[in-house]
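Enquirer: I'd like to go over a predicted model; first the sequence, then the structure.
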Amino acid sequence: MAKVLLVDDELTMVQMVSDLLLRDGHEVLPFTSGPPAYAALASQAPDLVITDLYLDKTRAHGLDILRKARELTPPAVVIVITGYGSIETALEAMKCGAFDYLEKPFKVDELRITVQRALSYNQAISETAYLRRQLKKKYQFAQIIGTSQGMQQVFKLIHRVADTDSTILILGESGTGKEMVARALHYNSGRQLAPFIPINCGALPENLLESELFGHCRGSFTGAISDKKGLFEAADGGTVFLDEVGSMSPLLQSRLLRVLQEREIRRVGDNTPIYVNVRVVAASNEPLEAKIKAGTFREDLYYRLNVIPLQLPSLRERRDDIPLLVSHFIKGKLNPRTNRPFQVSRQAMEALCAYHWPGNVRELENAVERGVTLCEGDVISLGDLPGSMLANLGLSPASAAADAAIYPLPSANVPEPGANPVPGSESALVPLKNFLREQEHAYLNRVLQHCGGDKEKAARLLEVSLATLYRKLAGEEKDI
Ligand SMILES: Nc1ncnc2c1ncn2[C@@H]1O[C@H](COP(=O)(O)OP(=O)(O)OP(=O)(O)O)[C@@H](O)[C@H]1O
Ligand SMILES: [Mg+2]
């Protein structure tokens, strides 16, 4: 059922159309003159507007209603009704954003079909807007966890460059979040509605990668049975994420350079240039300078890619983020046997913070996942951590005997008040001051991320001194 605002200065027309719409289950707001209909637009927020263009003997009112309806958020779809033979007026209305027009006299079925089409169009638009909001939420910067100095630098930079067309080179060891950052850049840019296409350049042999990226035309090689669009064409308007860009062959490097310089591609087996509007975000696990020295990576391509370098710190360089990350990965996980949230023992957290994490955040995420699976009670303790990690730290699972204290997990995200209620479970309850401290910590982090890591700005917005902000972030405030 839709809310339809209907306006026509012929009363019989208003009655006829109203009856039909009501019979089809819609809510109708009928008007026989322009000004009151115009006034009702903003307060009623209709889904659909059906308006005669000639209202009160003038055309101005109809067009005003059309324009105003298109300016609402979300905009209403508009069908205009025009007098017989006034096709020019109809075209003018279409230019002003009308969805369609009906020429008087029209048949009932004609009206019904046009209304149905307009409403399904409206639904598609609102679904797209919904999906877009969801995606943005999923890939918003807040999902990238970290408050350490290194991550604050990263946030500052990504805030600044997300909504630009600059080529970005993301550097960082395996598992440091390069793809996560690339997605956040895309979904926080004006390109968010167009595709984000990731491709791992190290995973395909040269000729396959070439045809994946640039497409091919039929018959250009054995097996090319039809024309095929490449990823650069498919991502038109969006972002191509070239992971492990350092492993591209010299031939592909020169073809990529051309895309960056000329903004055009050529399909394999075809010399016609095709203009593409894509942003390139590239990533590499290893510094590219060594490859340039060794002559396996083109220096000119490096400079084109490296317009804005974004170096992600390894996890061992930002150990103070480990408790927050652990908390993030545990968040919302309930022990299926006891239906209580998992906790982490102090010794286990100390071990997690001491380990050197060659696989970075991905390895930490896996270790936490494993802990959650293996843990017998509600507390992930030393014995639930990977054996290789404990051995590396010179610890043994047996040390778990004295492992009784719980580490107070920082809050990774502010939970909804009353979220995760565990009926009858008192262990999920915390003293008020701990709760307030966690909420405060999470809020400070959100504000800091909002300010791109700029603590002075955050302190100003929060109306506290910089020193207080530092103290609170370091968790030194004893009580609130
Ligand atoms: N800062 C972070 N906050 C939360 N999760 C993170 C963070 N960094 C990485 N992760 C998680 O770690 C995993 C690895 O991240 P991602 O795939 O982005 O890393 P990568 O640098 O692309 O790794 P690789 O070089 O191996 O491709 C993902 O599950 C991601 O969700
Ligand atoms: Mg990756």
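Expert: Okay, I see it. Ligands and ions are numbered 1, 2, ... in the order given.
Enquirer: separation between the closest residue to ligand 1 within the stretch 101-250 of the chain and Asp321?
Expert: Closest residue of the stretch 101-250 of the chain to ligand 1, Cβ to the nearest ligand atom: Gly177 (2.7 Å). In this view, the C-beta of every residue, glycine as well, is placed from N, C-alpha and C. Distance, Gly177 to Asp321, by Cβ to Cβ, to the nearest Å: 11 Å.
Enquirer: How about His441?
Expert: For His441, the distance to Asp321 (Cβ to Cβ) stands at 13 Å.
Enquirer: Kindly report the same for Pro75.
Expert: As judged by Cβ to Cβ, Pro75 and Asp321 stand 43 Å apart.
Enquirer: and these two? which has more neighbours close in?
Expert: Legend: neighbour count by other Cβ atoms under 10 Å for Pro75 and Asp321, higher for Asp321 (22 against 14).
Enquirer: ok, that one - contacts?
Expert: 145-148, 151, 315 (Cβ atoms under 8 Å, 6 or more residues apart in numbering).
Enquirer: Quick one: the strands in the stretch 301-450 of the chain, in order.
Expert: 308-311, 343-345, 379-380, 406-407 (DSSP state E, counting those that start in this stretch).
Enquirer: Give me the residues contacting the first one.
Expert: Put plainly, it is strand 308-311. Under Cβ under 8 Å, 6+ apart, the answer for strand 308-311 is 154, 157-158, 161, 166-172, 181.
Enquirer: Ok, the last one next?
Expert: Among residues not part of strand 406-407, those counted as contacts by Cβ under 8 Å, 6+ apart are 323, 343-346, 348-349, 379.
Enquirer: and with 10 Å instead?
Expert: Contacts of strand 406-407 from elsewhere in the structure, counted by Cβ atoms under 10 Å, 6 or more residues apart in numbering, are 323, 326-327, 343-350, 352-353, 378-381.
Enquirer: Strand partners (parallel or antiparallel) of it?
Expert: Paired neighbours of strand 406-407 in the sheet (DSSP bridges): strand 343-345 (antiparallel).
Enquirer: related to what we said a few turns ago, identify the contacts common to His441 and Asp321.
Expert: The contact sets of His441 and Asp321 overlap at 147, 410 (Cβ under 10 Å, 6+ apart).
Enquirer: Next up, phi/psi of Asp378, please.
Expert: phi -100, psi 0 (degrees, to the nearest 10).
Enquirer: remind me which residues of the stretch 351-480 of the chain are low pLDDT?
Expert: Counting by pLDDT under 70, the low-confidence segments of the stretch 351-480 of the chain come to 398-403, 412-431, 433-435, 475-480.
Enquirer: now with 90?
Expert: 374-378, 395-406, 408-480 (pLDDT under 90).
Enquirer: I'd like to know how many residues surround Ser294.
Expert: You called it Ser, but residue 294 is Ala. Ala294: 8 neighbours (other Cβ under 10 Å).
Enquirer: Which pLDDT value does the model give it?
Expert: For Ala294, the pLDDT comes out at 94.
Enquirer: and the stretch 1-150 of the chain, which residues reach ligand 1?
Expert: With the criterion set to Cβ under 6 Å from any ligand atom, the stretch 1-150 of the chain comes near ligand 1 through 144-146.
Enquirer: So which of those residues is the closest to Phe232?
Expert: Set against Phe232, the nearest of those by Cβ to Cβ is Ile144 (26.8 Å).
Enquirer: Can you name the residues that contact the closest one?
Expert: 151, 154-155, 158, 177, 180-181, 183-184, 312, 328, 361, 449.
Enquirer: for it, phi and psi?
Expert: The phi/psi pair for Ile144 (degrees, to the nearest 10) is phi -90, psi 110.
Enquirer: helix or strand for the residue lying closest to Pro46 once chain neighbours are set aside, which one?
Expert: Sequence neighbours aside, Leu5 is the residue nearest to Pro46 in space, at 4.0 Å (criterion: Cβ to Cβ, 6 or more residues apart in numbering). For Leu5, the host element (DSSP states H and E) is strand 3-7.
Enquirer: Given that strand, what are its sheet partners and their directions?
Expert: strand 27-31 (parallel), strand 48-52 (parallel).
Enquirer: which residues are contacting the first one?
Expert: So that's strand 27-31. 1-9, 11, 14-15, 17-22, 37-41, 44, 46-51, 55, 65.
Enquirer: Make a ChimeraX selection of the buried ones in these.
Expert: Filtering the contacts of strand 27-31 down to the buried ones (16 or more other Cβ atoms under 10 Å) takes a single ChimeraX command:
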select :2,4,5,6,7,8,9,14,17,18,21,37,38,40,41,46,47,48,49,50,51,55,65
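Enquirer: as a whole number, average confidence for the helix or strand hosting Pro36?
Expert: Using DSSP H and E, Pro36 sits within helix 34-44. Across helix 34-44, pLDDT averages out at 91.
Enquirer: going forward can the numbers begin at 53, since that is how I track them
Expert: Noted, 53 is the first residue going forward, which turns the last one into helix 86-96.
Enquirer: mind checking how far it is from the chain centre?
Expert: How far helix 86-96 lies from its chain's middle: 36 Å, per Cα atoms, centre = their mean, to the nearest Å.
Enquirer: follow-up on the earlier one: redo the strands of the stretch 353-502 of the chain as a markdown table? Include distance to ligand 1 and mean neighbour count.
Expert: Converted to a markdown table, the strands of the stretch 353-502 of the chain look like this (distance: least, Cβ to the nearest ligand atom, whole Å; neighbours: other Cβ atoms under 10 Å):
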| stretch | distance to ligand 1 | mean neighbour count |
| --- | --- | --- |
| strand 360-363 | 11 | 16 |
| strand 395-397 | 17 | 23 |
| strand 431-432 | 18 | 24 |
| strand 458-459 | 19 | 18 |
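Enquirer: Buried ones in stretch 293-313, by neighbour count?
Expert: 293-300, 304-305, 307-312.
Enquirer: and what of stretch 437-453?
Expert: Buried residues in stretch 437-453 (16+ other Cβ under 10 Å): 437, 441-442, 445, 447, 452.
Enquirer: ends of stretch 421-432, how far apart?
Expert: End-to-end distance for stretch 421-432: 10 Å, by Cα to Cα, to the nearest Å.
Enquirer: what do you get for stretch 323-337?
Expert: OK, stretch 323-337 end separation, Cα to Cα: 34 Å.
Enquirer: coming back round to it: who touches the residue of the stretch 153-302 of the chain closest to ligand 1 in this structure?
Expert: Residues counted as contacts of Gly229 (Cβ under 10 Å, 6+ apart) are 195-198, 203, 206, 222, 235-236, 364-365, 367, 412-414.
Enquirer: Mind giving me the ChimeraX select for these, buried ones only?
Expert: To isolate the buried ones among the contacts of Gly229 in ChimeraX, judged by 16+ other Cβ under 10 Å, type:
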select :196,197,198,203,206,222,235,236,364,365,367,412,413
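Enquirer: Count the residues that sit near the nearest residue to Pro87 once chain neighbours are set aside.
Expert: What sits nearest to Pro87 in space, not counting adjacent residues and going by Cβ to Cβ, 6+ apart, is His113, at 7.3 Å. His113 has 22 neighbours, counted by other Cβ under 10 Å.
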